[in-house]
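A.B. asks: Any chance you can model this:
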Amino acid sequence: MGLDTSYWTFVNAFSIFGSIALYFGIMFDLHSAGIHVLFPAAFQFTGTAPNALRQPYLWLTIILSVALCLLPVVALRFLSMTIWPSESEKVQKNRKKFKAEEEKWKRRQSVFRRGISGRRSAYAFSHQRGYADLIASGRIIRKRRASLTAVLGNNLAEVRQAEEAS
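C.D. replies: Modelled structure (predicted):
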């Protein structure tokens, strides 16, 4: 049942693990001394359950039996998915392949946004009046410095000569 369960919910887990616990509980009670007192002719093997559950060989046998019984089922399902996939498995496999190729060629957006200053919203959370006009107008943002050639224009060569002379 656990292999066939696609979506594990509380009810599914409770019923599967509860049934396993209930099985061991009933088997333990059937081989205990309490039920022997009620029906001595039917239940003659008192105390065998506690003695058997203390043995590591019993637990090894249980684990190996479950593993050997599940091995063919798991192998058959693996081979059927690999060699003879169903239509839905083919579609799902192709969707994943095409999505991976699409992601590979898709251009990623730049982390840095150009032309937008992050400082504009710094004053937006102020509780004093008057900052809304500054934020909306953009007057609070520092202007970029103009380059030296834009400020001095043709006089740049004269300024450099004066610096070298001094």
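
A.B. asks: can you list the domains in the protein?
C.D. replies: 10-85, 119-165 (automatic domain parsing).

A.B. asks: ok, of the ones you listed, where does mean pLDDT dip lowest?
C.D. replies: Mean pLDDT is lowest for domain 119-165 among the domains of the chain, at a mean of 61.

A.B. asks: Now the element after the longest helix along the chain, going C-ward?
C.D. replies: The longest helix of the chain (DSSP state H) is helix 56-83. With elements assigned by DSSP states H and E, the helix or strand that comes after helix 56-83 is helix 87-105.

A.B. asks: Show me which positions of that following helix end up buried.
C.D. replies: Buried residues in helix 87-105, counting neighbours by 16 or more other CB atoms under 10 Å, are absent. No exception for glycine: its C-beta is placed from N, CA and C like everyone else's.

A.B. asks: That one versus helix 56-83: what angle between them?
C.D. replies: Comparing the axes of helix 87-105 and helix 56-83 via axes from the mean of the first three to the mean of the last three CA atoms, to 10 degrees yields an angle of 70 degrees.

A.B. asks: Which residues does helix 87-105 contact?
C.D. replies: Applying CB atoms under 8 Å, 6 or more residues apart in numbering, the set of residues contacting helix 87-105 from outside is M81, P85.

A.B. asks: Using CSV, list the CA coordinates for that helix.
C.D. replies: The C-alpha atoms that make up helix 87-105 are tabulated as CSV, following Å, rounded to 0.1, in the frame of the first residue of the first chain:
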residue,chain,number,x,y,z
GLU,A,87,2.0,8.3,-22.4
SER,A,88,1.9,10.6,-19.4
GLU,A,89,5.4,9.7,-18.4
LYS,A,90,6.6,10.5,-21.9
VAL,A,91,4.9,13.9,-21.9
GLN,A,92,6.3,14.7,-18.4
LYS,A,93,9.8,13.7,-19.4
ASN,A,94,9.6,15.8,-22.6
ARG,A,95,8.2,18.8,-20.7
LYS,A,96,11.0,18.7,-18.3
LYS,A,97,13.5,18.5,-21.2
PHE,A,98,12.0,21.4,-23.1
LYS,A,99,11.7,23.5,-20.0
ALA,A,100,15.4,22.9,-19.2
GLU,A,101,16.4,24.0,-22.7
GLU,A,102,14.1,27.0,-22.5
GLU,A,103,15.7,28.1,-19.2
LYS,A,104,19.1,27.6,-20.7
TRP,A,105,18.5,30.0,-23.6
